[in-house]
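Q: sequence and computational prediction follow.
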Amino acid sequence: MSPLRMTWVASCALAAILSCTARAADLGKPVTPPRYAERLYPPWSHGQNNPALRRGLEFTVPGVDDMADFHGSIDHPALVIYVGGNYYFAMAPLVQAFEAEHPRLRGRIFYVTIPPGLLIKAMALGGTFTSGNLTFTAAPDVYAAGLEKVRAQIAAGRLVPPAVPYTTNNLTIMVPAGNPAHIRGLPDLGKPGVRLAMPNPAWEGVARQIELALTKAGGPALAHTVYVAKVADGQTILTHIHHRQTPLFLMQGLADAGVTWKSEAIFQEQVGHPISHVDIPASENVTAIYAAAVVRGARHPRAARAWITFLRSPAAQRIFARYGFKPIAGGDKAHRGGARASGRR
């Protein structure tokens, strides 16, 4: 064997001995398994968002076995509501206040809070859903989303006019508590190294409004950086289901910032999660107008109309105000022009 070959063999043998020694040393060290941070995962309500009266076996493991977007009992509901998921946290107190006014509906309301585009797909499929190994049908009586989206579904024949607007919302930049990336405004989202969690344009109408805000703040180049270039290089994570995932990504340390509705950041702060937000100036922000309409062929049209009327009531508006929503000022006509740009969610 040549001297060079012998040297190589000796080096490999020495490396193997050192590796085995290191592993043996590691075996003697105490092992600390990663801690399961249950509080990071939805549903965060601990059952409070479920209006069902009889719960049966409680079988919820956050992050493993949970259905955060389906609320109540599907056994003979008297009102089924499909609502865009960006105010899922307000639905529980809204339903409770509505049931107080309509006690015959207590425990018989079922609602779904996935993105509006996915709700439309579910409507086209007869209101049937599959989540994990569970398949069930809950056809809607009410559809609630952005004003433009509701009007489009009226035009498509899925909903019965009128589209009734009831509240508004604005965008904000959600960040981890303490804002470690020092985000000051939308232009900072385009900086190299700033990791983002952003709503997916494929099914979330809010993504179009965010792109509009980014364009106001930094021109088309900023919108392209956030939604094209950073997506391509992995610095922008697009949500898989809903921008409810944004605070989850932030708390897991996977992102430094993400644009959401301001109400969602306020809710996260209220429940004590390590989340904060950075305000977006009015000159760069957009306003969403939320509206609802009765579904054509609804099984419970009377309850549906009562719910929509309730959404504009002082009691409902007080609940919306807890999370930073604003009332409709001056009625539908005052917002008709702006709704074309901002009412898609």
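A: Thanks, I have it.
Q: C-alpha from now on. contacts and neighbour counts both.
A: Fine.
Q: can you pull out the strands in the stretch 201-345 of the chain?
A: 236-238, 258-261, 275-279, 287-295 (DSSP state E, counting those that start in this stretch).
Q: determine which of those approaches residue 191 most closely.
A: strand 236-238 (11.6 Å; C-alpha to C-alpha).
Q: tally of neighbours for residue 134?
A: 7 (other C-alpha atoms under 10 Å).
Q: need the pLDDT of the closest residue to residue 130 other than its chain neighbours.
A: Leaving aside its sequence neighbours, residue 130 sits nearest to residue 136 (C-alpha to C-alpha, 6 or more residues apart in numbering; 6.6 Å). pLDDT recorded at residue 136 is 96.
Q: ditto for residue 203
A: Confidence score, pLDDT, at residue 203: 76.
Q: how close does it sit to residue 175?
A: 23 Å (C-alpha to C-alpha, to the nearest Å).
Q: again, but for residue 137
A: On the measure of C-alpha to C-alpha, residue 137 and residue 175 end up 37 Å apart.
Q: please apply the same query to residue 136.
A: 36 Å.
Q: for this structure, give me the ranges with low pLDDT.
A: 1-40, 330-345 (pLDDT under 70).
Q: go again with 90.
A: For the chain, applying pLDDT under 90 flags the ranges 1-68, 84-88, 115-118, 132, 200-208, 239-245, 271, 329-345.
Q: using the record's domain definitions, break it down for me.
A: 39-168+290-342, 169-279 (automatic domain parsing).
Q: any idea which of the ones you listed is most buried?
A: domain 169-279 (a mean of 20; mean count of other C-alpha atoms under 10 Å).
Q: straight-line length of that domain, end to end?
A: 13 Å.
Q: please apply the same query to stretch 292-300.
A: 15 Å.
Q: name the residues that touch that stretch?
A: Under the criterion C-alpha atoms under 8 Å, 6 or more residues apart in numbering, residues 78-79, 139-145, 147, 150, 157-166, 301, 304-305, 308 lie in contact with stretch 292-300.
Q: what do you get for stretch 91-105?
A: Looking at what lies outside stretch 91-105 - C-alpha under 8 Å, 6+ apart - the contacts are 48-51, 78-79, 106, 109, 307, 310, 315-316, 319.
Q: those residues into JSON lines, with extra columns for distance to residue 292?
A: Listed next are those as JSON lines, based on distance: C-alpha to C-alpha, whole Å:
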{"residue": "48", "distance to residue 292": "24"}
{"residue": "49", "distance to residue 292": "21"}
{"residue": "50", "distance to residue 292": "21"}
{"residue": "51", "distance to residue 292": "21"}
{"residue": "78", "distance to residue 292": "18"}
{"residue": "79", "distance to residue 292": "14"}
{"residue": "106", "distance to residue 292": "21"}
{"residue": "109", "distance to residue 292": "16"}
{"residue": "307", "distance to residue 292": "9"}
{"residue": "310", "distance to residue 292": "11"}
{"residue": "315", "distance to residue 292": "17"}
{"residue": "316", "distance to residue 292": "14"}
{"residue": "319", "distance to residue 292": "17"}
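Q: ranges for the helices of the stretch 101-250 of the chain?
A: Secondary structure of the stretch 101-250 of the chain (DSSP state H, counting those that start in this stretch): helices located at 116-124, 147-155, 206-224, 230-233, 245-251.
Q: residue 50: what's it in contact with?
A: 71, 72, 92 are the contacts of residue 50 under C-alpha under 8 Å, 6+ apart.
Q: please flag which of those sit within strands.
A: residue 71 (DSSP state E).
Q: just the contacts of residue 50 now: which is nearest residue 63?
A: Closest to residue 63, out of all of the contacts of residue 50 and judged by C-alpha to C-alpha, is residue 71, at 16.9 Å.
Q: tell me the bridge partners for that closest one.
A: residue 111 (DSSP bridges).
Q: identify the single longest strand in the chain, thanks.
A: The chain, longest strand under DSSP E: strand 159-176.
Q: thinking again about what came up before, wait, which of the strands of the stretch 201-345 of the chain is closest to residue 59?
A: strand 275-279 (27.9 Å).
Q: who does the closest one pair up with?
A: Counting by DSSP bridges, strand 275-279 is paired with strand 159-176 (antiparallel).
Q: next, the angle from the strand it pairs with to helix 206-224.
A: 50 degrees (axes from the mean of the first three to the mean of the last three C-alpha atoms, to 10 degrees).
Q: angle of strand 159-176 against strand 287-295?
A: 140 degrees.
Q: what's the nearest residue to the most centrally placed residue in the chain if we skip its chain neighbours?
A: Closest residue to the average C-alpha location of the chain: residue 244 at 2.6 Å, with C-alpha atoms, centre = their mean. Nearest non-adjacent residue to residue 244, counting by C-alpha to C-alpha, 6+ apart: residue 86, 7.4 Å away.
Q: now do the SS call for that neighbour.
A: Following DSSP: H, G, I helix; E, B strand; the rest coil, the label given to residue 86 is helix.
Q: so how far is residue 206 from it?
A: From residue 86 to residue 206 the distance is 9 Å (C-alpha to C-alpha).
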